[in-house]
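> Below is the structure, and that's it, no one-letter string:
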């Protein structure tokens, strides 16, 4: 019997997933499978999706600080705070922004992978509905099997991914409600943290929501606003410290290490382990479907 197998899949060799799937096939029909392997499209799309995400700038790079109204108005609260308190507040806002950006990244990865699955589901459905041609040497039964597998994998990722993302959002909620967070924001911006005290349901993605993308976008917008608030707060505190010429603070927090450049640090995806498991489980199941192309004697089953 001709055996189909996948080799040279090395996760994390390039980005999270490594390079595009590289297939080796034993048997005379190798070239057909190399061209039309049923799982190739969805796996390639997910891999490309992550590579594109990796090449995007981070939220911290994209957020434009809107501090003109704060900096142009004298902030009597900041002026009256001891320098040591300002240093604590400023360093704490840095930490809060990093955490908010991590939560934003987790939610974004979750949304993008669901979108990749849904796009593939639609493509297979279009084949079954006769809207697009079947891949060469694939039957309707094989396309249906792949469609069922993608739907099953998508449902698993929907629920497991939501559980992991909600873990990040739970930390985001705790820190947004933390007394020190609100004191620092209030001192820096002259207003309370607008996202404090929202409750658990607000900081949670419900995988059973009728409009899952609307649910994701709601949380994503909240996390983005939170990151903006922390960034604005840090900049206001930083401005006051500069006005006082607090060189000890800038030495600790603003000067990069001589041996480490921020841009050289590897960027890790926050849902890496879940996505790796999803990849391998899907690969193994889709390989079984690919093997159905052959009979015992090595002839194609059409």
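Now that the structure is in, tell me what you want to look at. All figures in this text were calculated on a predicted structure; none of them were measured in a lab.
> ok, the closest residue to residue 107 other than its chain neighbours - contacts?
Among residues not flanking residue 107 along the chain, residue 220 sits closest, at 4.9 Å (Cβ to Cβ, 6 or more residues apart in numbering). Yep, even glycine has a C-beta here, placed from its N, CA and C like the rest. The contact partners of residue 220, by Cβ atoms under 8 Å, 6 or more residues apart in numbering, come to 104, 107, 108, 111.
> rerun at 7 Å
Neighbouring residues of residue 220 by Cβ atoms under 7 Å, 6 or more residues apart in numbering: 104, 107, 108.
> can you pull the pLDDT of it?
If you check residue 220, the pLDDT there is 95.
> Please apply the same query to residue 16.
28.
> returning to what we had before: you'd agree the residue nearest to residue 107 is in a strand?
No. With DSSP: H, G, I helix; E, B strand; the rest coil as the criterion, residue 220 is located in helix rather than a strand.
> which is the next helix or strand following whichever strand or helix holds residue 141?
Per DSSP states H and E: residue 141 is located in helix 140-177. Per DSSP H and E, the first helix or strand lying C-terminal to helix 140-177 is helix 179-189.
> Show me what the helix holding residue 141 is packed against.
The contact analysis (3 or more Cβ pairs under 7 Å, 6 or more residues apart in numbering; DSSP states H and E) places helix 140-177 against helix 83-128, helix 212-243, helix 272-291.
> quick one, which of the ones you listed is nearest to residue 183?
helix 83-128 (7.5 Å; Cβ to Cβ).
> could you check the angle helix 179-189 makes with that closest one?
On the basis of axes from the mean of the first three to the mean of the last three Cα atoms, to 10 degrees, helix 83-128 is oriented at 100 degrees to helix 179-189.
> Share the number of residues neighbouring residue 191, please.
Residues near residue 191, counting by other Cβ atoms under 10 Å, number 10.
> Below-threshold pLDDT in the protein: ranges please.
Along the chain, the parts satisfying pLDDT under 70 run over 1-76, 254-268, 292-302.
> Now for residue 168: which residues touch it?
Neighbouring residues of residue 168 by Cβ under 7 Å, 6+ apart: 102, 103, 106, 270.
> looking at these, which has the most residues close by?
Going by other Cβ under 10 Å, residue 103 tops the contacts of residue 168 with 28 neighbours.
> In contact with that one, which residues are there?
168, 169, 172, 223.
> let's go with 8 Å and repeat that
165, 168, 169, 171, 172, 223.
> Can you tell me which of these are buried?
The neighbour count (16 or more other Cβ atoms under 10 Å) marks 165, 168, 169, 172, 223 as buried among the contacts of residue 103.
> Verify the contact between the last one and residue 107 for me.
Okay, so that is residue 223. Yes. Using Cβ atoms under 8 Å, residue 223 makes contact with residue 107 at a distance of 6.2 Å.
> intersection of neighbour lists for those two?
Common neighbours of residue 223 and residue 107 are listed as residue 169 (criterion: Cβ under 8 Å, 6+ apart).
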